[in-house]
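Engineer: My questions are about this predicted structure, shown below with the sequence.
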Amino acid sequence: MSQLSSVHVGVVVIALMCYYMIFSNKSQKDNITELVADEYDYVIVGGGSAGSVLAARLSEDKETNVLLIEAGEFYDVNPLVSVPLNYLDLQNTTLDWKFYTEPQTASCLGLREQRSFWPRGRVLGGTSVLYGLQYTRGSRYDFDEWAASGCEGWSYKEVLPYFLKSEDMLIDELKSSNYHNTGGPMGVSGGEITEMSDLYLKAGQELGYEIIDYNGKDQEGFSKVQISVRNGVRESTGLAYLGRIGRRPNLDIALNTMATMIEINDKRATGVTYIRNGVKSSVKARKEVIISAGVVNSAKLLMLSGIGPREHLGSLSIPVKVDLPVGDNLQDHQMLLLFSSVNRSLTLTDSLVNSFWTKLQYNVFGKGPKSIAGTDGSAFYYVDEKKRGKSSAEIQTILISKYTDNNYFNIKEEIAEEYLAKNGDVEGFTFIVSVTRPKSTGTIRLRSRDPFDYPIIDPKYLTDQYDIDTFIGGIRVWEKYINTPTMLSIGANDEGMKLSFCLQYTFKSDEYWECIVRHLAFTVYHHSGTCKMGLINDPTTVVDPQLKVKGIKGLRVVDTSVFPSVTSGNTNAPVIMMAEKIADKIRGIDSVKVIRDNLPKDV
Ligand SMILES: Cc1cc2nc3c(=O)[nH]c(=O)nc-3n(C[C@H](O)[C@H](O)[C@H](O)COP(=O)(O)OP(=O)(O)OC[C@H]3O[C@@H](n4cnc5c(N)ncnc54)[C@H](O)[C@@H]3O)c2cc1C
Ligand SMILES: *[C@@H]1O[C@H](CO)[C@@H](O)[C@H](O)[C@H]1NC(C)=O
Ligand SMILES: *[C@@H]1O[C@H](CO)[C@@H](O)[C@H](O)[C@H]1NC(C)=O
């Protein structure tokens with residue numbers, strides 16, 4: 001007994017030491033400031049995925065001074081931020097803006113009030129503090145299509161060096177790949193935590209798919225996951241770009257500070273009005289104002305400042321500075337969670353996750369179930385095979401080694417009761433189907449002139465038939481997948497998807513699946529496009545390929561809102577790449593020459 005407790009004490013001491021080594025954040029606050037000066041060279045609004053990168057890179061030039069304004073607080077206020085597996089528990093907390101869409105008519109029928117819940121980070125590091133950590137760049141076709149649509153400089157070949165610049169590949173077998181790099185700020189680790197990890201790949205091979213690196217030459221196939229995690233700790237951009245640079249006298253970060261207006265004089269952005277501790281002030285930008293407030297709030301801030309659709313601004317009596325289609329072209333990915341139980345203990349049940357061994361494994365070694373976001377496999381594939389080799393894969397599948405039980409998705413109670421697992425100890429996995437290039441687009445509009453009012457978000461999900469047909473095509477792949485020898489051997493089945501509210505249609509008929517998709521497909525959080533980039537003379541664009549707002553000098557937008565079309569995959573890595581690339585443009589340097597010269601010849 002006494003021997004046991006001394007072992008326990010020893011373990012606890014080691015765990016505490018590791019805890020402080022890994023999670024202690026004191027030095028990371030070096031550049032947080034209480035005092036905001038009157039003037040800076042660059043004022044960046046929003047310290048999210050993109051804004052944190054920009055603040056770090058622009059302040060590398062010692063003679064340039066930079067202010068980063070962030071509405072939220074420091075990311076260490078909630079210790080769960082560090083723990084990958086707990087990412088969903090950060091939603092609907094003080095770190096979250098908690099947006100809801102307007103009630104949808106063609107989709108979200110199974111959600112409360114038919115509204116999709118849109119969590120977004122309100123914290124230093126932005127949504128990269130809440131996100132699901134999957135490291136996915138998108139396909140070459142995404143960027144080549146951007147370039148072809150008039151986004152000069154954004155072809156795959158031109159953006160790849162900036163993906164590489166940001167990367168610190170920690171997975172041994174990928175370190176020497178031409179498509180990966182080491183030494184950048186963002187650590188990338190592997191999954192392979194559950195036994196399911198191998199079974200996912202095996203079943204994929206049985207369906208005829210290859211095992212590939214989805215961030216490599218080609219996206220199509222089944223893969224292990226790549227996640228933005230270092231030593232078991234979430235790699236937000238707040239931590240990776242701003243938390244490790246020490247004190248820089250030329251960088252100020254103002255937290256709990258909300259920008260309410262871009263000041264514009266004679267068609268030039270001259271500064272930003274902000275509210276801090278309830279007091280309104282303003283700060284001048286000698287060179288540029290950069291808006292990185294995210295897809296919802298960047299569009300909102302532009303419109304509040306008189307940059308937006310003339311008629312809409314007129315209806316709220318906002319004087320129009322420049323008439324641009326801000327808030328149009330809202331794009332997103334939706335996911336459908338397809339559940340299957342299994343008949344062996346292979347998956348991340350609550351008992352496993354909460355066990356003493358799992359906690360020890362995590363606290364001491366940064367490994368085990370808590371070191372991943374539940375995702376332990378990935379796949380990309382086509383529904384229409386004729387598109388192979390011409391455009392990106394049409395479906396992204398994310399394989400989560402857990403049968404979802406908590407209702408994080410605003411699902412109506414009676415539907416959640418039937419659809420989600422009754423408790424966290426059900427052995428099972430979730431096969432996500434997500435249409436990578438949906439054709440439905442929506443809008444964001446102001447609700448009022450009050451900067452604290454949330455805008456009207458209407459994604460108009462599933463209003464284009466292609467999106468429904470492609471979803472059903474993806475579900476058909478799942479039906480085959482759970483019937484592979486490997487999946488059958490562990491008892492995979494379709495029982496979990498037999499849901500009463502659609503059983504007026506024959507189970508598994510096209511009509512049945514359409515009903516399920518219209519009820520239960522909801523956001524996978526990749527909203528983008530509301531300040532579209534492209535040719536200056538294209539009436540659908542808001543920013544040019546340098547991300548400069550058309551018709552206003554000294555103003556750029558840098559976040560997922562400028563994506564002309566959403567990438568085929570998760571959006572965090574692409575927006576970091578974008579910030580890296582535009583930072584070089586602003587600084588007038590080419591920091592990736594060496595990387596570019598070493599790219600594979602056939603890229
Ligand atoms: C639950 C969830 C899971 C996700 N999973 C993944 C994933 O696995 N992989 C992946 O690649 N992507 C994922 N994403 C998407 C990805 O995280 C986002 O696309 C990305 O973080 C967006 O970056 P951004 O720079 O455009 O905006 P954000 O990171 O949202 O940054 C905007 C920042 O601006 C601040 N701000 C806003 N308005 C103001 C204002 N007026 N004044 C001052 N500051 C302001 C905000 O507080 C925020 O910090 C996920 C997202 C969510 C919500
Ligand atoms: C967020 O929390 C509020 C208050 O507890 C609750 O009413 C709401 O349903 C929650 N939202 C979601 C999406 O769970
Ligand atoms: C799981 O189910 C499969 C298919 O029904 C069956 O062959 C296998 O024996 C079952 N395994 C266990 C451990 O029950």
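Structural biologist: Arrived safely. Ligands and ions are numbered 1, 2, ... in the order given.
Engineer: Every contact and neighbour count from this point should use C-alpha atoms.
Structural biologist: Will do.
Engineer: Double-check that residue 262 belongs to a strand.
Structural biologist: Yes. Assessed with DSSP: H, G, I helix; E, B strand; the rest coil, residue 262 lies in a strand.
Engineer: What is the three-state secondary structure of the residue of the chain found nearest ligand 3?
Structural biologist: Of all residues in the chain, residue 491 sits closest to ligand 3, at 3.7 Å by C-alpha to the nearest ligand atom. Under the three-state scheme (three-state DSSP), residue 491 adopts coil.
Engineer: mind listing what it touches?
Structural biologist: 341, 342, 343 (C-alpha atoms under 8 Å, 6 or more residues apart in numbering).
Engineer: how about the second one, phi and psi?
Structural biologist: For residue 342, the backbone dihedrals (degrees, to the nearest 10) come out as phi -130, psi 160.
Engineer: What's the per-residue pLDDT of it here?
Structural biologist: On the pLDDT scale, residue 342 is placed at 98.
Engineer: quick one: it from residue 560, how far?
Structural biologist: The gap separating residue 342 from residue 560 is 38 Å, by C-alpha to C-alpha, to the nearest Å.
Engineer: Check this structure for its longest strand and report it.
Structural biologist: Longest strand of the chain, by residue count under DSSP state E: strand 279-291.
Engineer: Show me what from the stretch 501-603 of the chain comes close to ligand 1.
Structural biologist: 525, 526, 559, 560, 570, 571, 572, 573 (C-alpha under 6 Å from any ligand atom).
Engineer: Pick the one among these closest to residue 295.
Structural biologist: Closest approach between these and residue 295, by C-alpha to C-alpha: residue 560, at 5.8 Å.
Engineer: Name all residues that make contact with the closest one.
Structural biologist: Residues near residue 560 by C-alpha under 8 Å, 6+ apart: 294, 295, 527, 528, 529, 571, 575.
Engineer: Does the third one touch residue 333 like I think?
Structural biologist: Yes. A contact is recorded between residue 527 and residue 333 when judged using C-alpha atoms under 8 Å, the distance being 7.0 Å.
Engineer: Looking at those two, which is more packed in?
Structural biologist: Under the criterion of other C-alpha atoms under 10 Å, the comparison of residue 527 against residue 333 puts residue 333 first, with 25 against 22.
Engineer: tell me which parts of the chain are close to ligand 3?
Structural biologist: Contact residues, the chain versus ligand 3 (C-alpha under 6 Å from any ligand atom): 343, 344, 488, 489, 490, 491.
Engineer: Can you tell me which of the residues you listed are buried?
Structural biologist: Neighbour-count burial (16 or more other C-alpha atoms under 10 Å) is assigned, among the residues of the chain next to ligand 3, to 490, 491.
Engineer: Can you pick out the most distant pair from the residues of the chain next to ligand 3?
Structural biologist: Across these (C-alpha to C-alpha), the longest gap, 11.6 Å, separates 344 and 488.
Engineer: Kindly report the residues of this structure close to ligand 2.
Structural biologist: 92, 117, 408, 409, 410.
Engineer: so what's the fourth one up against?
Structural biologist: Put plainly, it is residue 409. Residues near residue 409 by C-alpha under 8 Å, 6+ apart: 111, 116, 117, 522.
Engineer: can you tell me which of those lies nearest to residue 59?
Structural biologist: For those, the nearest to residue 59 is residue 117 (35.4 Å; C-alpha to C-alpha).
Engineer: List the backbone torsions phi and psi for that closest one.
Structural biologist: Main-chain dihedrals, residue 117, degrees, to the nearest 10: phi -90, psi 130.
Engineer: my read: it touches residue 410, true?
Structural biologist: Yes. At 6.2 Å, residue 117 and residue 410 qualify as touching, with contact defined as C-alpha under 8 Å.
Engineer: hang on, the earlier thing: name the strands paired with the longest strand of the chain and say parallel or antiparallel.
Structural biologist: Looking at strand 279-291 with DSSP bridges, its partner strands are strand 39-45 (parallel), strand 268-276 (antiparallel), strand 555-557 (parallel).
Engineer: The first one vs ligand 1: in contact?
Structural biologist: To tie it back to what came earlier, the one meant is strand 39-45. Yes. Using C-alpha under 6 Å from any ligand atom, we find that strand 39-45 touches ligand 1 at residue 45.
Engineer: quick revisit: can you lay out the contacts of residue 409 as TSV showing neighbour count?
Structural biologist: Listed next are the contacts of residue 409 as TSV, based on neighbours: other C-alpha atoms under 10 Å:
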residue	neighbour count
111	23
116	28
117	22
522	28
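Engineer: Just the ones in strands from these, please.
Structural biologist: Using DSSP E, 117, 522 are the members of these that sit in strands.
Engineer: Please name the residues that touch residue 548.
Structural biologist: So residue 548 contacts 554, 555, 556, 557 (C-alpha under 8 Å, 6+ apart).
Engineer: ok, of those residues, which one's closest to ligand 2?
Structural biologist: Once C-alpha to the nearest ligand atom is applied, the member of these that ends up nearest ligand 2 is residue 557, at 28.9 Å.
Engineer: Just give me the neighbour total for the closest one.
Structural biologist: For residue 557, the neighbour count with other C-alpha under 10 Å is 30.
Engineer: do you know how far the closest residue to it other than its chain neighbours is from ligand 1?
Structural biologist: Distances taken as C-alpha to C-alpha, 6 or more residues apart in numbering place residue 291 nearest to residue 557, at 4.7 Å, with adjacent residues excluded. Separation of residue 291 from ligand 1 (C-alpha to the nearest ligand atom, to the nearest Å): 8 Å.
Engineer: can I assume residue 291 is in contact with residue 45?
Structural biologist: Yes. Applying C-alpha under 8 Å as the test, residue 291 and residue 45 come out as touching, 4.9 Å apart.
Engineer: more crowded one of those two?
Structural biologist: Set residue 291 next to residue 45 and count neighbours by other C-alpha under 10 Å: residue 45 wins out with 32 against 26.
Engineer: Bridged to that one, which residues?
Structural biologist: For residue 45, the beta-bridge partners are residue 69, residue 291 (DSSP bridges).
Engineer: May I ask which helix or strand of the protein has the lowest mean pLDDT?
Structural biologist: Lowest by mean pLDDT, DSSP states H and E among the helices and strands of the chain is helix 2-23, with a mean of 57.
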